[in-house]
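> pasting a predicted model and its sequence here:
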Amino acid sequence: MEQDQDKQKKIKQKQNPPLVLTLFRFIFKYIGPLFPSLLGRWSYALWFKTNRLKSMPKRELKWLKTAKIEPIDLAINVYDVGTLPVMTYYWENKQQQNAPLVVLMHGWTGRGSQMGAFAAPLLKAGFRVMSFDNHAHDKTPGKASHLFLQSAVQCALAEKVGPIYAFVTHSFGGMVTPYSLNHGLEMQRIVCISPPSRFQYVVERFSNILHLPKSIQEYMFARFTKEYGENLHERVSSTHTSKSLGHIPLLIIHDEEDIDVPLSEGELLHQAWPNSKFIQTQGLGHRRILYDAQVIENTVNFLKLDKA
């Protein structure tokens, strides 16, 4: 794990942060200790805020040309959301009626189209495929979100379009899904690509990115506890929530040069999930891994029906 951290530090040193991030860091680092409550509220609001791309990459536009794109109204009975029009992307299998359904789930600040490279190979392997924009992401309404809401949307979608044979998740989706599986979600297989596994890591990464002083971190943890209850680490970390999920086969794919979610997080999930397989890649990072041919082939092979 120490080698993993050293590698990330070397990669990050080569990157110049955006000007707005540099400004945020200065404010939190030097002014935060003077006004921990005020800037604590600001950092807490930033934690939940999501961002959307202004334009979609050409490769994603190409993937969506063969998809049926439409919003599906879901009843989200938590956090006063009510009816939520969730944007979905659906690829019907014209060769096989009632083919098993595989759902693709993006990560934090991601989007359903980001997972589109998996669609055609999964169709060829005999599946139907659906992707979607989770709450407050891309074309689904909302300005801020969190794991419990993401899970509520995932479970509501499964209830609406299921049964679902498998989920293929990216990044934060790989933390949401084990939580959902402990709260009613059902599937036969799961693939987690570049997943974080510990709530503590997610908080630490957020704190490190913004250079939050200890006083503001303490404020945030106090607010988390007040708003969402005790023992958040055990309740949402997939290193804990996965321990009862050994009956579901899991494939974890993670790149050793991932600077957003380190390789060690995927390894911890592998250690915690009783029936899991781990594949380590190199040179793909956190996002390019989603359209790597070998990663897609490994995913399809793992999900193939003759292996179920």
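Now that the structure is in, tell me what you want to look at. Residues are numbered from 1 along each chain as shown.

> flag the shaky bits of the chain, pLDDT-wise.
1-16, 306-308 (pLDDT under 70).

> mind jotting down where the helices sit in it?
Along the chain, the segments classed as helices by DSSP state H run 2-13, 19-26, 36-48, 58-64, 119-124, 147-161, 173-181, 199-210, 214-228, 232-236, 238-241, 263-272, 293-303.

> who wins for proximity to residue 97 among those helices?
Relative to residue 97, the nearest member of the helices of the chain by C-beta to C-beta is helix 119-124, separated by 13.2 Å. Any C-beta I mention is one placed from the backbone N, CA and C, and that applies to glycine too.

> list the buried residues in that closest one.
By 16 or more other C-beta atoms under 10 Å, the buried positions in helix 119-124 come out as 119, 121, 122, 123.

> stretch 54-72 too?
Taking 16+ other C-beta under 10 Å as the neighbour-count basis, stretch 54-72 is seen to contain the buried residues 60, 63, 64, 67, 72.

> before we move on, what about stretch 98-107?
Quick answer for stretch 98-107 (16+ other C-beta under 10 Å): 99, 100, 101, 102, 103, 104, 105, 106, 107.

> with stretch 33-43 instead?
Buried residues in stretch 33-43, counted by 16+ other C-beta under 10 Å: 36, 39, 40, 42, 43.

> report the two of those separated the most.
The most widely separated members of the buried residues of stretch 33-43, counting by C-beta to C-beta, are 36 and 42 (10.7 Å).

> what's the overlap in contacts for those two?
Residues touching both residue 36 and residue 42 by C-beta atoms under 8 Å, 6 or more residues apart in numbering: none at all.

> nearest to residue 253, of the buried residues of stretch 54-72?
Closest approach to residue 253 among these (C-beta to C-beta): residue 63, at 19.1 Å.

> count the residues that sit near the nearest residue to the closest one once chain neighbours are set aside.
The spatially closest residue to residue 63, leaving aside those adjacent along the chain, is residue 116, at 2.8 Å (C-beta to C-beta, 6 or more residues apart in numbering). Counted by other C-beta atoms under 10 Å, the residues lying close to residue 116 total 25.
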